[in-house]
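Chemist: Build me a model from this:
(one chain, ligands or ions: 1)
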Amino acid sequence: MASISGICSSSPTLKKFPNQSPSPTLSLRKHRVSLPARRFNRSLSLAPPHAVAREVSGAAAKGLEKDPHALWRRYVDWLYQHKELGLYVDVSRVGFSDEFVSQMEPRFEAAFGAMEELEKGAIANPDEGRMVGHYWLRDPKRAPNSFLRTQIENTLDAVSEFANDVVSGKIKPPSSPEGRFTQILSIGIGGSALGPQFVAEALAPDNPPLKIRFVDNTDPAGIDHQIAQLGPELASTLVIVISKSGGTPETRNGLLEVQKAFREAGLDFPKQGVAITQENSLLDNTARIEGWLARFPMFDWVGGRTSEMSAVGLLPAALQGIDIREMLAGASLMDEANRSTVLRNNPAALLALCWYWATDGVGSKDMVILPYKDSLLLFSRYLQQLVMESLGKEFDLDARPTSESRLMNSVVNQGISVYGNKGSTDQHAYIQQLREGVHNFFVTFIEVLRDRTPGHDWELEPGVTCGDYLFGMLQGTRSALYANNRESITVTVQEVTPRTVGALIALYERAVGIYASLVNINAYHQPGVEAGKKAAGEVLALQKRVLAVLNEASCKEPVEPLTLEDVADRCHVPEDIEMIYKIITHMAANDRAIIAEGSCGSPRSIKVFLGECNVDASYA
Ligand SMILES: O=P(O)(O)OC[C@H]1O[C@](O)(CO)[C@@H](O)[C@@H]1O
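Modeler: Next up is the predicted model:
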C-alpha cells in the first residue's frame, strides 16, 4: 500500500481525528429573501435607472473639456468646500453636463427625501424590517425616540470610561508582569473588522497605550501567527470579540482558537475578554455566562459596514489613544453638510452624481480609490465593503405586477466595483493600465495637504521636499489620466486627524445611501452573502457524512478501502463526488488519519480508509 503524493498526500502516520467538540456546526443567520416591500415613498415618476446617463451620453462621447480656461472655470464653479472641516470635493474632472445635472434633479429630490425619512426612523431596510440609524450615533438627539438616544449616549459613556480605566491601569489583566493591558487582539470580520483596521492604520499614534492586532479570518495559520507575535504579552492582551450577529463562523472559530491559546498559557480568558455584539446573541450570552470583563452593545439598527462610530470602532480606537469624540464631531459636521438639498452644497450628493455619470448608473465602470498618504492605505479596503456590500444588489425596491398577477421586483444586478491601494506606490503597479489600458474605471484621489508633523520638514533638493514629490505625483497622475479622457474626483483634507477620518467615513456612508436611492435599491441588507455561508455549511455537513462512511468501513474486519464513487454512493450524494474528492484531499493534507491509495493524477483510482476505527465516533 502506498499513500499517494502531491496534493493527495497524507501523512503516513496514523492519527486519531482530533476532538471534534465544540461542534463545528455553523450558526447561520437567516435573512428573509422575499421581495422587499416599499415602506416609504422614495421615488418620483422617473425614467428607468441609467436611462438618464445614456440619454445624455452624447456629452461624454464628445470627450472631456480640454480648454485650460474653461476647465479652471469648471473647477471653481463646482468646487465644494467645507470650511470647518477643511475638506474639499473637486468634481471638475468628471465630465457630466449641465443637461445631465438637470435631468438628475428629480431623482436627487427623491433621494434627499428618502435620506430624510431614513434619519427620522423609517424602515429603510425593508427586507430585514429594520431602521437604519448610523447617523444617530454621532448626533444622538436625531434618534427617533428618547430610548434610543439614551442607549447611544450611555454606550458612548461606557466605552469612554472602560477605555480610560484600561489605559490608566485601573482595569488590569490578572496575571501580567506589566500590571496593565498592553495589547488588543480584535476578533471579527467584515464590518466588524474593516473600520477598526482602517482607523488604527490611519490614526493610531506611534506609541499607542495599547497596540492592536486583528484576527479577521478562519485561517489557522494566520491566527497562529497573531498569537505567536503576541508571545508572552498574551497575558496582557485584551481580546475584543466583535460580531453584530454573535454567530459568524469565522469569528467564532477565531475566539475558540484564541481561548485555546489562553488555556495552554494557563491564562483566565474571561478576565481578558470583551464582547461587542447585539444583546442576547450567542456571543452576548456566552460572555455573560462566562463572566467576561465587559460587554458593549451593537444595535439592531446599525449595519456592520456602517458601525465604525458605534462601540465596534470607538472602543478599539479609544484604547489606542485616538480621540473618539473628535471622530464623532467630524462625522456629525459632515452629516450636517450632507443634509443640504442643494446638490452643489452637498458633498455626498456630488460623489453620487459622479458615480452615476461615470458608471451610467449601472456600475459600468470601477471605482479606483487612490489616497496619496500611507496612513490611508486601508481606506479602499474599507470602502470596498461599504460600497460593494451596499450597492451590489440583484433586485430593485419596487414590486411590480407580473403577467401571473404576482408582485415582482425587477432584476437590476446593481453595484460598483471598488479597488485601490495608495499613491504614489500604485504608480509603479497599475497606473500604466489606468492611463493607457482598458477604460473601465474612474479614480478618486484622496489628497492630504499636510505632509508631515510640523517642524520635521526639510528640502531634499533646492526648494523641494519629500512631500512635494508626493503632491507632484498626485497632480501629475490626475492630469495625465485626464489628458487621456480618464475621469477623476479629488477629495482633499488638510490633515489625517480623528475629525477628518470621521468626516471621510460619514461622506462615503451618505454617498452610498444617496446613490442607492438614485438606482432604487436597498443598500442596507446583504442577502447574497448568505448563499456562500449556506454553501460552506453544506460542505462541512458533507464532510461529517464522509467521515461517518469512512469510519464505518474502517471499523470492518478487514478494513474496507472505498473508491470515491463508493463514498459518494454511501453518502447518498453521487452528484457530489467532486466535492467529496476535495474534502478527502484537504483532510489528507492535514494529517487527518486518512489513508489514500492510488494515483493523485487519476482520482478514479483512489481508494481511501481511515487509519484507525473510532467506534465511539459521532459525526452528527
Ligand atoms: O458582525 P457579524 O455579524 O459577525 O458579521 C460580520 C460581517 O458579515 C456580514 O454579515 C456578511 O459578510 C457583513 O455584513 C458583516 O459586516
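Chemist: Could you report the pLDDT at N253?
Modeler: N253 carries a pLDDT score of 98 in this model.
Chemist: out of everything not next to it in sequence, what's closest to S310?
Modeler: Of all residues beyond its chain neighbours, the one nearest S310 is V302 (5.2 Å), with distances taken as C-beta to C-beta, 6 or more residues apart in numbering. (Glycine included, C-beta is placed from N, CA and C.)
Chemist: State the number of residues packed around that neighbour.
Modeler: By other C-beta atoms under 10 Å, 27 other residues sit near V302.
Chemist: from what I can see it touches G133, true?
Modeler: Yes: between V302 and G133 there is a contact at 6.1 Å, judged by C-beta atoms under 8 Å.
Chemist: Now stretch 358-377: buried residues?
Modeler: For stretch 358-377, a neighbour-count test (16 or more other C-beta atoms under 10 Å) marks 358-363, 365-373, 375-377 as buried.
Chemist: Next, E560: phi, psi?
Modeler: Main-chain torsions, E560, degrees, to the nearest 10: phi -110, psi 100.
Chemist: Please list all residues in contact with it.
Modeler: E560 makes contacts with A553, S554, F609, as judged by C-beta atoms under 8 Å, 6 or more residues apart in numbering.
Chemist: mind running it again at 6 Å?
Modeler: By C-beta atoms under 6 Å, 6 or more residues apart in numbering, E560 lies in contact with A553.
Chemist: any idea which helix or strand carries D569?
Modeler: For D569, the element it lies in under DSSP states H and E is helix 564-570.
Chemist: what packs against the helix or strand just after that helix?
Modeler: Counting by DSSP H and E, the element after helix 564-570 in chain order, helix or strand, is helix 577-588. Here helix 577-588 touches helix 527-554, helix 564-570, strand 594-597, going by 3 or more C-beta pairs under 6 Å, 6 or more residues apart in numbering; DSSP states H and E.
Chemist: orientation of the longest one relative to helix 577-588 in degrees?
Modeler: So that's helix 527-554. Relative orientation of helix 527-554 versus helix 577-588 (axes from the mean of the first three to the mean of the last three C-alpha atoms, to 10 degrees): 70 degrees.
Chemist: hang on, the residue nearest to S310 packs against Y135?
Modeler: No: V302 lies out of contact with Y135 (C-beta atoms under 6 Å); the separation is 10.0 Å.
Chemist: Just list the residues touching I171, thanks.
Modeler: D165.
Chemist: That one in helix, strand or coil?
Modeler: Under DSSP: H, G, I helix; E, B strand; the rest coil, I171 falls in the coil class.
Chemist: Residues of the stretch 51-200 of the chain that sit close to the ligand?
Modeler: For the stretch 51-200 of the chain, the residues in contact with the ligand (C-beta under 6 Å from any ligand atom) are I189, G190, G191, S192.
Chemist: Could you give the number of residues near the second one?
Modeler: For G190, the neighbour count with other C-beta under 10 Å is 21.
Chemist: which non-adjacent residue is nearest it?
Modeler: G304 (5.5 Å).
Chemist: wait, that neighbour sits on A193?
Modeler: No: contact criterion C-beta under 6 Å: G304 and A193 do not qualify, at 9.3 Å.
Chemist: In the stretch 151-300 of the chain, mark out all the strands, start to finish.
Modeler: 183-187, 211-215, 237-243, 273-277, 294-297 (DSSP state E, counting those that start in this stretch).
Chemist: Which one of those strands lies nearest to G63?
Modeler: Ranking the strands of the stretch 151-300 of the chain by proximity to G63 (C-beta to C-beta) places strand 211-215 first, at 45.1 Å.
Chemist: What about the buried residues of stretch 358-377, which are in strands?
Modeler: Judged by DSSP state E, strands contain the following of the buried residues of stretch 358-377: D366, M367, V368, I369, L370, P371.
Chemist: Take those and lay them out in CSV including pLDDT and distance to the ligand.
Modeler: CSV is the format used below for those (pLDDT from 0 to 100; distance: C-beta to the nearest ligand atom, whole Å):
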residue, pLDDT, distance to the ligand
D366, 98, 21
M367, 98, 19
V368, 98, 23
I369, 98, 19
L370, 98, 25
P371, 98, 22
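Chemist: which among these gets closest to G513?
Modeler: M367 (15.8 Å).
Chemist: Any idea which residue of the stretch 251-400 of the chain lies closest to the ligand?
Modeler: Relative to the ligand, the nearest point of the stretch 251-400 of the chain is G304 (2.5 Å; C-beta to the nearest ligand atom).
Chemist: coming back round to it: so the residue nearest to G190 versus K66, what's the distance?
Modeler: To K66, G304 is 44 Å away according to C-beta to C-beta, to the nearest Å.
Chemist: Which one's more surrounded, those two?
Modeler: Counting neighbours by other C-beta under 10 Å for G304 and for K66 shows that G304 has the greater number, 25 against 10.
Chemist: What score does the more buried one have for pLDDT?
Modeler: Looking at G304, the pLDDT reads 98.
Chemist: tally of neighbours for the closest residue in space to H134 that isn't next to it in sequence?
Modeler: Leaving aside its chain neighbours, H134 sits nearest to T306 (4.0 Å; criterion: C-beta to C-beta, 6+ apart). Neighbours of T306 under the rule other C-beta under 10 Å: 26.
Chemist: And L238, by the same measure?
Modeler: 24.
Chemist: and N614, what is it in contact with?
Modeler: N551.
Chemist: isn't there a strand covering it?
Modeler: No: the assignment for N614 (three-state DSSP) gives coil, which keeps it out of a strand.
Chemist: For the nearest residue to D90 once chain neighbours are set aside, pull up the helix or strand it's in.
Modeler: Leaving aside its sequence neighbours, D90 sits nearest to T490 (C-beta to C-beta, 6+ apart; 4.3 Å). Assigning secondary structure by DSSP H and E places T490 in strand 488-493.
Chemist: Then L64?
Modeler: Assigned by DSSP H and E, L64 falls within no helix or strand.
Chemist: is it true that it touches G95?
Modeler: Yes: proximity of L64 to G95 meets the contact threshold set by C-beta under 6 Å, at 4.4 Å.
Chemist: For the stretch 201-350 of the chain, which residues are neighbours of the ligand?
Modeler: With C-beta under 6 Å from any ligand atom as the criterion, the stretch 201-350 of the chain meets the ligand at residues S243, K244, S245, T248, T251, G304, R305.
Chemist: export those to TSV and tack on distance to G179?
Modeler: Listed next are those as TSV, based on distance: C-beta to C-beta, whole Å:
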residue	distance to G179
S243	30
K244	34
S245	36
T248	34
T251	30
G304	35
R305	38
